[in-house]
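K.L.:
Let me see the structure of the following:
(chains A, B, C and D)
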There are 2 protein chains.
Amino acid sequence: MNASAQSHAAQGAFRALADPTRRDIVMFLSEQDMTIGEVVDRFDITRAAIKKHLIVLEDGGLISVHPIGRERVNRLEPLGFKSVNGWLNHFNHFWDDRMSKLATAVEKENLKKQHEKKK
Amino acid sequence: MNASAQSHAAQGAFRALADPTRRDIVMFLSEQDMTIGEVVDRFDITRAAIKKHLIVLEDGGLISVHPIGRERVNRLEPLGFKSVNGWLNHFNHFWDDRMSKLATAVEKENLKKQHEKKK
DNA sequence: TCCTTATGATACCTTATGGTATCTCTTTAT
DNA sequence: ATAAAGAGATACCATAAGGTATCATAAGGA
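P.N.:
A predicted model of the protein is given here:
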């Protein structure tokens, strides 16, 4: 999968992570799975607002919802995060390449200087 | 730096990456540095719109701008990406932990079954 | 010098987004 | 059986966000 396709696939995830409240929710969910009510208790906004955030997170593939009785447990989903990681990874390679090229250039420069010194 | 502080620091970067056009711009810039005009040539939207995107990217620390004569070259900035990577890394650890715990649990379950078989 | 080119800035429009308030629907417990 | 608790849906509001059109500015080149 190329980076452009990955970007398309990760759109929902990137969108979801853009909001600080949603990133906080994700942080809480990394400590333990939670029902909506439990998430709401940790914020000062209404249940409806939290619910919307959870829908965005679910659309982005970052969480999944599991009904248990009348409750619905929200759980982190690794796959959604992987799509983001995958896209970012393209740039990690990019930095590596840039650094190694820079290192090579510096090395050549040093060799050149040493050569000139000998003259 | 804890994950919450990282989240705060990375807010601009996450915000910038939420838009598909900006991610595309970033992809182009990973191939080569570009002036605004060169970026504009690769899209079907106005210069003003591109300019706004570049400002958001700069605010997010994902690019830097370097004036050369009357032109302004836009260049990717690794540090901005690192802030995003840093935040995401917290969850990579999380997956690793979860997987290892799962593996341990499965292993224990297998040992238990073997033990019961012997009976 | 003067015209062209690369860029910046502002005003304005439309839609998306984050939020509240309110009502309904289920499920559990008394 | 009925009240309370957990969750969902919808209407509505203010602001942010992405886009265009237009005007202003500065630097190169003929």
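
K.L.:
can whichever strand or helix holds A:Gln11 be found next to DNA strand D?
P.N.:
Counting by DSSP states H and E, the element that carries A:Gln11 is helix A:3-17. No. Using Cβ under 7 Å from any atom of the strand, helix A:3-17 never reaches DNA strand D; the gap is at least 9.5 Å. In short, each C-beta sits where N, CA and C put it, glycine included.

K.L.:
contacting residues for A:Gly86?
P.N.:
Contact analysis of A:Gly86 by Cβ atoms under 8 Å, 6 or more residues apart in numbering or on different chains lists A:1, A:6, A:10.

K.L.:
Of the residues you listed, which is the most crowded?
P.N.:
A:Ala10 (27 neighbours; other Cβ atoms under 10 Å in any protein chain shown).

K.L.:
I figured that residue hits A:Leu88, correct?
P.N.:
No. Contact criterion Cβ atoms under 8 Å: A:Ala10 and A:Leu88 do not qualify, at 9.2 Å.

K.L.:
Output the below-cut-off pLDDT ranges for chain A.
P.N.:
Where chain A drops to pLDDT under 70, the residues are A:112-113, A:115-119.

K.L.:
what residue lies at the spatial centre of it?
P.N.:
A:Val84 (4.7 Å; Cα atoms, centre = their mean).

K.L.:
can you tell me which residues contact the closest residue to that residue other than its chain neighbours?
P.N.:
Using Cβ to Cβ, 6 or more residues apart in numbering or on different chains and skipping the chain neighbours, the partner closest in space to A:Val84 is A:Ala13 (4.9 Å). Counting by Cβ under 8 Å, 6+ apart, A:Ala13 touches A:60-62, A:80-81, A:83-84.

K.L.:
Now render these as a markdown table, adding distance to DNA strand C and secondary structure.
P.N.:
A markdown table is the format used below for the contacts of A:Ala13 (distance: Cβ to the nearest atom of the strand, whole Å; DSSP: H, G, I helix; E, B strand; the rest coil):
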| residue | distance to DNA strand C | secondary structure |
| --- | --- | --- |
| A:Gly60 | 11 | coil |
| A:Gly61 | 16 | coil |
| A:Leu62 | 13 | coil |
| A:Gly80 | 16 | helix |
| A:Phe81 | 18 | helix |
| A:Ser83 | 17 | helix |
| A:Val84 | 16 | helix |
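
K.L.:
Determine the number of other residues adjacent to the residue of chain A found nearest DNA strand C.
P.N.:
With Cβ to the nearest atom of the strand, the shortest gap between chain A and DNA strand C falls at A:Gly69, namely 2.8 Å. The local packing of A:Gly69 (other Cβ under 10 Å) involves 5 other residues.

K.L.:
distance of it from A:Ile50?
P.N.:
20 Å (Cβ to Cβ, to the nearest Å).

K.L.:
ditto for A:Lys101
P.N.:
Taken as Cβ to Cβ, the span from A:Lys101 to A:Ile50 is 47 Å.

K.L.:
Would you point out which residue of chain A is nearest chain B?
P.N.:
A:Ala18 (3.5 Å; Cβ to the nearest Cβ).
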